[in-house]
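Q: predicted model, plus sequence, below.
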Amino acid sequence: MQTKFKSGVNLFLVLFIVVFHIVLLLLLTSPIFADTKVGLRFGIFLLIIDAVLILPMPFVTCYEVREEYLYIRDWPLRVFKIPYGDIISVEDGDFEAKHKKIVALSMNRIAVGYRKEVQHKKQEPETVEEYIYISPSDMNSFLLRLSGKMQIGEEQAKKKAEELAVKQAEHNRKKKAAQQARKKKKEAEQPEIIVMSGNVKTGAVDITEEEAPKNTESTDTDS
């Protein structure tokens, strides 16, 4: 059974990587960069950044359901090892937490809550609850594997996966509705159009103002 899961990748991140490489290619092939030492050094610097940080990110960021702990690799520097006994909950990606870390390349994500012991200077260790946001590409299979390690029945795991999928869909629906509401509000707040007409005279400006026609019904009150 699958134990290693790559991160899902957001479309905007893919577009960013593609645009970055197009710009990088244009810069490296331009005479300004190719014919000067400064340009050449800057181009080499960008190539190093690309090779070390940007290009490997979608391929190396991953989550592994290992024997004793959940292994999370956040390229290029961070690695998390969370024992299954310390995991307290699995929430949908819209969950708000005070202490959180994000190791997700997609908005289709979940929040794994766990207990962590923090050592302060000259004080006793304190146990805090933290949440780490992850986005496995195969969410259902990942939740089944994780739930099995957390000693949750398969039916419960499937139910949890379905609940999270429903919550994510509801979150997307609310987000779309909020965007439409903001658009309508913006259209409603647009200022009334006023038609201006004027005649410039010597030494002064004579401007007459006409309001745009309104939908009003005229009534004769005086006969």
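A: Sure, I can see it. Numbering: from 1, shown residues only.
Q: next, the buried residues of the helix or strand encompassing residue 80.
A: Using DSSP states H and E, residue 80 sits in strand 78-83. Residues of strand 78-83 classed as buried by neighbour count (16 or more other CB atoms under 10 Å): 80, 82. (C-beta placed from N, C-alpha, C; glycine too.)
Q: show me what contacts residue 56?
A: Residue 56 is in contact with 75, 76, counting by CB atoms under 8 Å, 6 or more residues apart in numbering.
Q: please report the distance of it from residue 75.
A: Note on residue 56: its distance to residue 75, by CB to CB, to the nearest Å, is 6 Å.
Q: spatially central residue in this structure, please.
A: Nearest to the mean C-alpha position of the chain, by CA atoms, centre = their mean, lies residue 107 at 5.3 Å.
Q: pretty sure that residue is touching residue 92, no?
A: No - counting by CB atoms under 8 Å, residue 92 is not a contact partner of residue 107; they are 11.3 Å apart.
Q: what's the single longest helix in the protein?
A: Under DSSP state H, the helix in the chain containing the largest number of residues is helix 154-188.
Q: quick one: the helices in this protein?
A: Secondary structure of the chain, counting by DSSP H: helices at 11-29, 31-34, 37-49, 57-60, 139-149, 154-188.
Q: next, the angle from the longest helix of the chain to helix 139-149.
A: Inter-element angle recorded for helix 154-188 and helix 139-149: 140 degrees (by axes from the mean of the first three to the mean of the last three CA atoms, to 10 degrees).
Q: low-confidence ranges in this protein?
A: Along the chain, segments meeting pLDDT under 70 span 1, 34, 122, 151-161, 164, 191-223.
Q: give the contact list for residue 2.
A: Shown in contact with residue 2 (CB under 8 Å, 6+ apart): 138, 141, 145.
Q: which of the residues you listed has the most neighbours?
A: Of all those, residue 145 has the most neighbours under the rule other CB atoms under 10 Å, reaching 22 neighbours.
Q: wait, doesn't that residue sit right on residue 64?
A: No - look at residue 145 against residue 64 with CB under 8 Å: they stay out of range, at 9.6 Å.
Q: find residues that contact each of the two.
A: Shared contacts of residue 145 and residue 64, defined by CB under 8 Å, 6+ apart, comprise residue 3.
Q: please tell me how far residue 185 sits from residue 72.
A: The spacing between residue 185 and residue 72, counted by CB to CB, is 40 Å.
Q: now, which of the contacts of residue 2 sits nearest residue 125?
A: For the contacts of residue 2, the closest approach to residue 125 (CB to CB) belongs to residue 145, at 30.7 Å.
Q: no further queries at this time; thank you.
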